[in-house]
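*Asks:* okay, structure incoming, though there's no sequence with it:
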């Protein structure tokens, strides 16, 4: 099985966000970069699927791959190496200068790369994305790639199994539904967007890190074809002044808390 | 005209869709705008759509389109989007709005993919920038705002959750909604992903997204065993346990209990945040709580600053004292 997993490099976040002076980006000097959270689980899912394929058909092992792809600046190779350390087999960097890459442009570039690989003899059975990026949360790149590729897609996937069915492969993907969950069946090739919670991503092993340093990363300069959304600037929402009412210190504050719970109606007075 | 994709379940319109309808009424009413710009129509799908549509007169909807094909009986996003694309082509709305919900995002992404139109998600404001249509949208779970200009004949937007309060229109122009059935055009290709099993949530338990009270635990809880007293406190308050991303990452609690940007977004009457620092990822999931009580040993933690009430100190001393006080007062 050949799996392509698409990840996004995003600034790390903790307590407070600052912006670059030109207000075009989040300032990541002090927080560094990471892979968007849902996509960490997508990488793990891709690695698990390929491991299972290798185990069930060892003779065919050479045909199984978990290719990691990102679109971003040259430095995004660091996030690809991180994913390779977790078990990705090879990687593709669609290298850009970061301006003008809206969701439509990103989807077009990824779809073009899938076409290029297919023409070169590498056809993906499954393409995985995160459900939405941790920074821009556009909720659409995966669906757009599926449409451009003419394959079905399932979003918000929180459980997954892939099984042989006749001559092909079929995925059973679980997702949240109104009042419960549902299992969606889809024949491969297909596109899935993964939600955090599908699995617990592994930590990189030492051999994994060594292998990641040597693993091939294909560099491609994609053609920029924007789709009509252009960033003017970023801003931070006005900071709300703290209105906290400190009820006390330590266990002695318990009666004051109960009184407050009555006042707001959580406890009957 | 503005077309709102309204979600409904068994005749009841989703609260976030009512917010989107309220947001829609604020658009297209500026100087120089044509009265027809601000007409609001809605489209609904699924069993109960007619009943749900009738309730929309109060929200300023004069005409509602109901998708009526066989494939609309259950939620099949690709097929629904196929119908919606045809409806949009037929009606030529200026703006198509949906709620910033899982379904709203998914349906608009499908419409955008089929029409090659851009989609701006989680919008909080619509306006003009140098004569171009502009929108302000939430990034990083709302901790950063992005101003964008959108160049497209039809603007596809989702409205960020809880930016406006859902309110019926004043001086409603219509007392009833004209309902137009729309038999769609979805093809077999749009039905390739099909639902084969459904499971409803177990009865009895309080679900995190609907809980009136959530007691949250973060890294400060210190160990998997440390959550026992938080679960006890949640039980006494008629609520349920929620945890931060650090806690699920450490394997202390399951991901289904995670509150945050990539977990569950909660909107309880009371959120008790124990040993939670208040990272952006977490605040995105709990900022809709009506009241936040922070229990934290760091008075400078972001969670304390964002809370309504706080108790400073060791949560493992405070929580048992609170449990004892609640038991005492219940007697």
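*Replies:* Happy to help now that I have it. Here the structure is a predicted model, which means the values were calculated and not measured. Numbers count the residues shown, from 1 in each chain, chains lettered A, B, ... in the order given.
*Asks:* against which helices or strands is the longest strand belonging to chain B packed?
*Replies:* For chain B, the longest strand by residue count, based on DSSP state E, is strand B:119-129. With contacts taken as 3 or more C-beta pairs under 8 Å, 6 or more residues apart in numbering or on different chains; DSSP states H and E, strand B:119-129 sits against helix B:102-115, strand B:132-139, strand B:144-150, strand B:155-159. To be clear about C-beta, it is placed using only N, CA and C from the backbone, and glycine gets the same treatment.
*Asks:* quick one: mean pLDDT for the last one?
*Replies:* Averaging the model's pLDDT scores along strand B:155-159 yields 98.
*Asks:* which residues sit against that strand?
*Replies:* Residues from elsewhere that reach strand B:155-159, judged by C-beta atoms under 8 Å, 6 or more residues apart in numbering or on different chains: A:139, B:16, B:19-20, B:23, B:94-101, B:104-105, B:108, B:111-112, B:117-124, B:126, B:133, B:135.
*Asks:* and the helix or strand that it is followed by, what does it pack onto?
*Replies:* Next along the chain after strand B:155-159, taking DSSP states H and E as the criterion, comes strand B:178-182. Applying 3+ C-beta pairs under 8 Å, 6+ apart, one finds that strand B:178-182 contacts helix B:49-54, strand B:61-67.
*Asks:* please redo it, this time with the cut-off set to 10 Å
*Replies:* strand B:40-44, helix B:49-54, strand B:61-67, helix B:77-91 (3 or more C-beta pairs under 10 Å, 6 or more residues apart in numbering or on different chains; DSSP states H and E).
*Asks:* can you tell me if the longest one touches chain A.
*Replies:* Yes: Helix B:77-91 reaches chain A (C-beta under 10 Å from any C-beta of the partner chain) through B:77-78, B:81.
*Asks:* could you tell me the angle between that helix and strand B:155-159?
*Replies:* 130 degrees (axes from the mean of the first three to the mean of the last three C-alpha atoms, to 10 degrees).
*Asks:* now helix B:77-91: average pLDDT?
*Replies:* Helix B:77-91 shows a mean pLDDT of 96.
*Asks:* buried ones in that helix, by neighbour count?
*Replies:* Neighbour-count burial for helix B:77-91 flags B:77-88, B:91 (criterion: 16 or more other C-beta atoms under 10 Å in any protein chain shown).
*Asks:* can I get the helices and strands packed on strand B:119-129 in CSV with mean neighbour count?
*Replies:* Listed next are the helices and strands packed on strand B:119-129 as CSV, based on neighbours: other C-beta atoms under 10 Å in any protein chain shown:
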stretch, mean neighbour count
helix B:102-115, 25
strand B:132-139, 20
strand B:144-150, 21
strand B:155-159, 27
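*Asks:* so for residue B:254, which of the ones you listed sits nearest?
*Replies:* Taking C-beta to C-beta, helix B:102-115 is the member of these nearest to residue B:254, at 20.1 Å.
*Asks:* and residue A:10, how far from chain B?
*Replies:* 9 Å (C-beta to the nearest C-beta, to the nearest Å).
*Asks:* flag the shaky bits of chain A, pLDDT-wise.
*Replies:* For chain A, applying pLDDT under 70 flags the ranges A:15, A:58-62.
*Asks:* mind listing the helices for it?
*Replies:* Per DSSP state H, chain A carries helices over the ranges A:37-56, A:77-85, A:103-119, A:141-149, A:206-214, A:254-263.
*Asks:* looking at these, which is buried most?
*Replies:* Highest mean neighbour count of the helices of chain A: helix A:141-149, a mean of 26 (counted as mean count of other C-beta atoms under 10 Å in any protein chain shown).
*Asks:* who's residue B:8 bridged to?
*Replies:* Taking DSSP bridges as the rule, residue B:8 bridges to residue B:13.
*Asks:* contacting residues around it?
*Replies:* Counting by C-beta atoms under 10 Å, 6 or more residues apart in numbering or on different chains, residue B:8 makes contact with B:14, B:17, B:42, B:44-53, B:55-56.
*Asks:* from these, which are also near chain A?
*Replies:* B:14, B:46.
*Asks:* for chain A, see how far away the closest residue to residue B:250 other than its chain neighbours is.
*Replies:* Nearest residue to residue B:250, sequence neighbours excluded (C-beta to C-beta, 6 or more residues apart in numbering or on different chains): residue B:219, at 7.8 Å. Between residue B:219 and chain A the computed distance is 12 Å (C-beta to the nearest C-beta).
*Asks:* ok, now residue B:125?
*Replies:* Applying C-beta to the nearest C-beta to residue B:125 and chain A gives a distance of 11 Å.
*Asks:* count of neighbours near that residue?
*Replies:* Residue B:125 has 14 neighbours, counted by other C-beta atoms under 10 Å in any protein chain shown.
*Asks:* wait, it sits on residue A:235?
*Replies:* No: counting by C-beta atoms under 10 Å, residue B:125 stays clear of residue A:235, with 11.2 Å between them.
*Asks:* residues shared between the contacts of those two?
*Replies:* B:136, B:145, B:147.
*Asks:* intersect these with the contacts of chain A.
*Replies:* Within the shared contacts of residue B:125 and residue A:235, those near chain A by C-beta under 10 Å from any C-beta are B:136, B:145, B:147.
*Asks:* related to what we said a few turns ago, now the buried members of the contacts of residue B:8.
*Replies:* B:14, B:17, B:42, B:44-46, B:49-50, B:52-53, B:55-56.
*Asks:* make JSON lines out of the residues you listed and add pLDDT.
*Replies:* Below are the buried ones among the contacts of residue B:8 laid out as JSON lines (pLDDT from 0 to 100):
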{"residue": "B:14", "pLDDT": "95"}
{"residue": "B:17", "pLDDT": "97"}
{"residue": "B:42", "pLDDT": "97"}
{"residue": "B:44", "pLDDT": "97"}
{"residue": "B:45", "pLDDT": "96"}
{"residue": "B:46", "pLDDT": "94"}
{"residue": "B:49", "pLDDT": "96"}
{"residue": "B:50", "pLDDT": "94"}
{"residue": "B:52", "pLDDT": "96"}
{"residue": "B:53", "pLDDT": "95"}
{"residue": "B:55", "pLDDT": "92"}
{"residue": "B:56", "pLDDT": "94"}
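*Asks:* got a list of what residue 41 touches?
*Replies:* By default, I'm working from chain A. So residue A:41 contacts A:35, A:128, A:130-131, A:157-158, A:160, A:194-201, B:255, B:262 (C-beta under 10 Å, 6+ apart).
*Asks:* that's the wrong chain, I meant chain B
*Replies:* B:1-4, B:24, B:56, B:61-65, B:87, B:91, B:93, B:177-178, B:180.
*Asks:* so it bridges to which residues?
*Replies:* Going by DSSP bridges, residue B:41 forms beta bridges with residue B:3, residue B:63.
*Asks:* state the pLDDT value of it.
*Replies:* So, for residue B:41, pLDDT stands at 96.
*Asks:* equivalent analysis for residue B:246, please.
*Replies:* So, for residue B:246, pLDDT stands at 93.
*Asks:* what pLDDT does residue B:222 get?
*Replies:* Listed pLDDT for residue B:222 reads 96.
*Asks:* show me the contacts for it.
*Replies:* B:252, B:275, B:315-316.
*Asks:* in helices, which of these fall?
*Replies:* Filtering these for helices - DSSP H - leaves B:315-316.
*Asks:* return the member of the contacts of residue B:222 nearest to residue B:296.
*Replies:* Nearest to residue B:296 among the contacts of residue B:222 is residue B:275, at 6.4 Å by C-beta to C-beta.
*Asks:* what sits closest to the closest one if chain neighbours are left out?
*Replies:* Leaving aside its sequence neighbours, residue B:275 sits nearest to residue B:220 (C-beta to C-beta, 6+ apart; 2.1 Å).
*Asks:* thanks a lot, catch you later.
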